[in-house]
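Colleague: Fold the following.
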Amino acid sequence: MEIKEYINQNKDRFIEELFSLIRIPSISSQSEHKGDMVKCANRWKELIIASGADKCEIMPTKGNPVVYGEKFLSKDYPTVMVYGHYDVMPVDPISEWKTKPFEPIVKDDYIWARGADDDKGQSFMQAKAFEYMVKSGKLKCNVKFMLEGEEEIGSGSLYDFCKENKELLKADIILVSDTGMIAADVPSITVGLRGLGYIEVKVTATKCDLHSGIYGGSVANPINVLCQMISQLTDENNHVTVPDFYKEVIELSADERKLMAKAPFSEKAYLEETGATELHGEKGYTTIERTGIRPSLDVCGIWGGYTEEGAKTIIPATASAKISFRLVPDQDYTVIIERVSNYIKKIAPSCVKVEVKPLHGGYSYVSPLDMPAYKAAEKAFTKTYGKQPIPTREGGSIPIVAGFERILGTKSILMGFGLGSDAIHSPNENYPLQQFFNGIETVSYFYEEYAQIMKK
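Modeller: Numbering: from 1, shown residues only. Down below sits the predicted model:
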């Protein structure tokens with residue numbers, strides 16, 4: 001039986017199995033969901049065994065457990081390790097959801113739920129492609145599964161897990177479906193990911209909140225001060241002003257920029273997708289360059305004072321912000337965090353106390369176009385979509401991918417099927433059924449092609 005027929009005969013079961021994962025609110029950033037993390041890991045174990053693995057176990061870490069499974073066929077076969085994550089982002093603001101985030105539904109040929117794409121939907125494609133290859137007798141690769149529960153909070157425990165289990169995790173390539181495509185009809189393979197640095201800044205002005213009438217104008221307002229400090233982090237050209245922020249950034253040649261420009265881009269579609277009124281970013285670079293080869297700095301959250309209904313006339317004692325920066329090759333996130341932190345403290349006025357706390361980070365990653373796994377993925381996408389995929393660099397980060405290379409010495413191939421309209425990390429996350437099914441088909445072809453290439 002060919003893969004398309006297998007998908008068609010089993011699609012209802014596939015969807016219901018995926019829904020059994022999505023219904024578990026495995027939000028790693030919220031401590032009240034600790035039990036849900038274990039519950040989701042156990043459900044993954046059941047599904048991996050049912051898909052054809054020889055064994056699967058829940059392995060403890062300092063944080064959330066890792067689900068590890070494997071199928072060994074022959075020492076003469078290449079080994080593919082599938083990586084994914086079972087944790088999801090928080091659902092706030094819940095009022096903006098049109099459906100209940102953990103009660104998945106299919107509507108208008110889309111799956112609607114938190115985790116529909118990122119990363120339960122995409123990881124589950126891997127399990128079903130593996131299932132088909134096992135049941136059809138076509139699998140000529142040894143396969144390992146490693147699913148973690150902390151990707152959305154920086155994969156903190158996975159680095160030590162990898163260091164402690166190097167022998168167990170040996171593989172020829174790591175296969176990841178946690179990225180996206182240019183468009184549903186424009187297949188692409190992600191060959192670069194930006195790195196990430198994330199900090200929290202706290203500004204304190206007084207020992208407690210003060211009456212804004214009695215004290216207004218006589219002491220510093222930390223919200224005002226914090227906003228003024230944030231405004232100094234970028235200039236009028238949206239260029240980051242932190243000293244040496246760009247010191248290690250490699251400037252692409254004119255020829256390399258021309259090659260990037262060949263990727264199709266519609267400004268109108270981009271604006272419709274985002275809801276923005278116009279493009280905005282670092283002067284002198286295109287939108288594709290701004291999100292692929294240039295670093296950036298963004299405030300991800302800011303709070304302080306009174307924010308509930310009605311008025312409360314106070315000068316708050318503190319104000320805080322979470323700030324992230326996306327990084328490109330040769331930028332060390334630990335160095336950049338230090339530079340940004342030092343600059344923030346330097347520009348702070350003496351009337352306030354400033355604390356900067358690093359939260360997490362990761363290195364950028366680049367995947368060579370000449371490695372066997374890329375060639376296999378290229379052929380697999382071409383079989384499914386009828387056209388050759390375009391290599392792209394993605395603005396997002398999967399910090400552990402660079403960690404795999406540094407710790408395990410293993411490259412990754414990033415075969416993602418998400419679309420920009422999937423609203424990952426946002427209310428109303430969704431995933432087109434066709435992309436879900438196409439992903440299962442393409443990954444199945446990848447196993448066939450990779451086994452052939454590695455055999456030669």
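Colleague: which residues touch residue 249?
Modeller: Contacts for residue 249 (C-beta atoms under 8 Å, 6 or more residues apart in numbering) come out as 294-295, 328, 330-331. Where you see a C-beta, it was placed from the backbone N, CA and C, and this is true even at glycine.
Colleague: For burial, what's the neighbour tally of the closest residue to residue 432 other than its chain neighbours?
Modeller: Take residue 432 and drop its neighbours on the chain: the residue closest to it by C-beta to C-beta, 6 or more residues apart in numbering is residue 110, 5.5 Å away. Around residue 110 there are 19 other residues, counting by other C-beta atoms under 10 Å.
Colleague: and residue 110, what is it in contact with?
Modeller: Residue 110 touches 116, 430-433, counting by C-beta under 8 Å, 6+ apart.
Colleague: any chance of these in JSON lines, plus distance to residue 395?
Modeller: Below are the contacts of residue 110 laid out as JSON lines (distance: C-beta to C-beta, whole Å):
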{"residue": "116", "distance to residue 395": "21"}
{"residue": "430", "distance to residue 395": "20"}
{"residue": "431", "distance to residue 395": "20"}
{"residue": "432", "distance to residue 395": "21"}
{"residue": "433", "distance to residue 395": "26"}
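Colleague: Give me the subset of the residues you listed lying in helices.
Modeller: In helices, defined here by DSSP state H, the members of these are residue 433.
Colleague: okay if I get the contacts of residue 110 as a markdown table plus pLDDT, neighbour count and distance to residue 209?
Modeller: Shown next, in a markdown table, are the contacts of residue 110 (pLDDT from 0 to 100; neighbours: other C-beta atoms under 10 Å; distance: C-beta to C-beta, whole Å):
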| residue | pLDDT | neighbour count | distance to residue 209 |
| --- | --- | --- | --- |
| 116 | 98 | 30 | 42 |
| 430 | 98 | 22 | 41 |
| 431 | 98 | 30 | 44 |
| 432 | 98 | 21 | 48 |
| 433 | 98 | 16 | 51 |
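Colleague: Can you pull the domain assignment for the protein?
Modeller: 3-193+364-455, 195-249+295-361 (automatic domain parsing).
Colleague: Name whatever forms a beta bridge with the closest residue to residue 182 other than its chain neighbours.
Modeller: Excluding the flanking residues, the one nearest residue 182 by C-beta to C-beta, 6+ apart is residue 188, at 4.5 Å. On the basis of DSSP bridges, residue 188 is bridged to residue 390.
Colleague: Tell me which other helices or strands the helix or strand of the chain with the lowest mean pLDDT touches.
Modeller: Sorted by mean pLDDT, DSSP states H and E, the helices and strands of the chain end with helix 254-260, the least confident at a mean of 81. With contacts defined as 3 or more C-beta pairs under 8 Å, 6 or more residues apart in numbering; DSSP states H and E, the packing partners of helix 254-260 are helix 287-292.
Colleague: in stretch 93-105, what's buried?
Modeller: Within stretch 93-105, the residues scored as buried using 16 or more other C-beta atoms under 10 Å are 97, 99, 101-102, 104.
Colleague: Could you do stretch 63-77 as well?
Modeller: So stretch 63-77, judged by 16+ other C-beta under 10 Å, has buried residues 63-71, 77.
Colleague: export that stretch as PDB, just CAs?
Modeller: Only the C-alpha atoms of stretch 63-77 are listed here, as PDB (Å, rounded to 0.1, in the frame of the first residue of the first chain):
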ATOM      1  CA  GLY A  63      12.800  19.200  34.900                       C
ATOM      2  CA  ASN A  64      10.200  17.600  32.700                       C
ATOM      3  CA  PRO A  65      10.800  14.100  31.500                       C
ATOM      4  CA  VAL A  66      12.100  13.100  28.100                       C
ATOM      5  CA  VAL A  67      10.200  10.400  26.000                       C
ATOM      6  CA  TYR A  68      12.700   8.200  24.300                       C
ATOM      7  CA  GLY A  69      11.800   5.400  21.900                       C
ATOM      8  CA  GLU A  70      13.700   3.400  19.300                       C
ATOM      9  CA  LYS A  71      13.500   0.800  16.600                       C
ATOM     10  CA  PHE A  72      16.700  -1.000  15.600                       C
ATOM     11  CA  LEU A  73      16.700  -2.900  12.400                       C
ATOM     12  CA  SER A  74      20.300  -3.300  11.300                       C
ATOM     13  CA  LYS A  75      23.800  -2.100  12.100                       C
ATOM     14  CA  ASP A  76      24.200  -1.500   8.300                       C
ATOM     15  CA  TYR A  77      21.300   1.000   8.200                       C
END
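Colleague: any idea how far the residue nearest to residue 182 lies from residue 385?
Modeller: 10 Å (C-beta to C-beta, to the nearest Å).
Colleague: same deal with residue 30?
Modeller: For residue 30 relative to residue 385 (C-beta to C-beta), the value is 38 Å.
Colleague: Then residue 246?
Modeller: 37 Å.
Colleague: Strands of the stretch 201-350 of the chain, residue ranges please.
Modeller: Applying DSSP state E, counting those that start in this stretch to the stretch 201-350 of the chain gives strands spanning 210-211, 296-304, 314-315, 318-327.
Colleague: Rebuild the ones you listed as a markdown table, extending it with mean pLDDT and distance to residue 146.
Modeller: A markdown table is the format used below for the strands of the stretch 201-350 of the chain (pLDDT from 0 to 100; distance: least, C-beta to C-beta, whole Å):
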| stretch | mean pLDDT | distance to residue 146 |
| --- | --- | --- |
| strand 210-211 | 98 | 52 |
| strand 296-304 | 97 | 28 |
| strand 314-315 | 98 | 49 |
| strand 318-327 | 97 | 25 |
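Colleague: Provide the secondary structure category for residue 190.
Modeller: Under the three-state scheme (DSSP: H, G, I helix; E, B strand; the rest coil), residue 190 adopts strand.
Colleague: Which pLDDT does the model give it?
Modeller: Note for residue 190: predicted pLDDT of 94.
Colleague: Neighbours of it, how many?
Modeller: Residue 190: 26 surrounding residues under other C-beta under 10 Å.
Colleague: related to what we said a few turns ago, out of the buried residues of stretch 63-77, flag the one nearest to residue 399.
Modeller: residue 63 (14.6 Å; C-beta to C-beta).
Colleague: was I right about the closest one contacting residue 155?
Modeller: No - distance between residue 63 and residue 155: 9.2 Å, which falls outside the contact criterion (C-beta atoms under 8 Å).
Colleague: What separation is there between the residue nearest to residue 172 when sequence neighbours are not counted and residue 173?
Modeller: Using C-beta to C-beta, 6+ apart and skipping the chain neighbours, the partner closest in space to residue 172 is residue 78 (4.5 Å). Taking C-beta to C-beta as the criterion, residue 78 is separated from residue 173 by 7 Å.
Colleague: Spell out which residues are contacts of both of these two.
Modeller: In contact with both residue 78 and residue 173: residue 450, using C-beta under 8 Å, 6+ apart.
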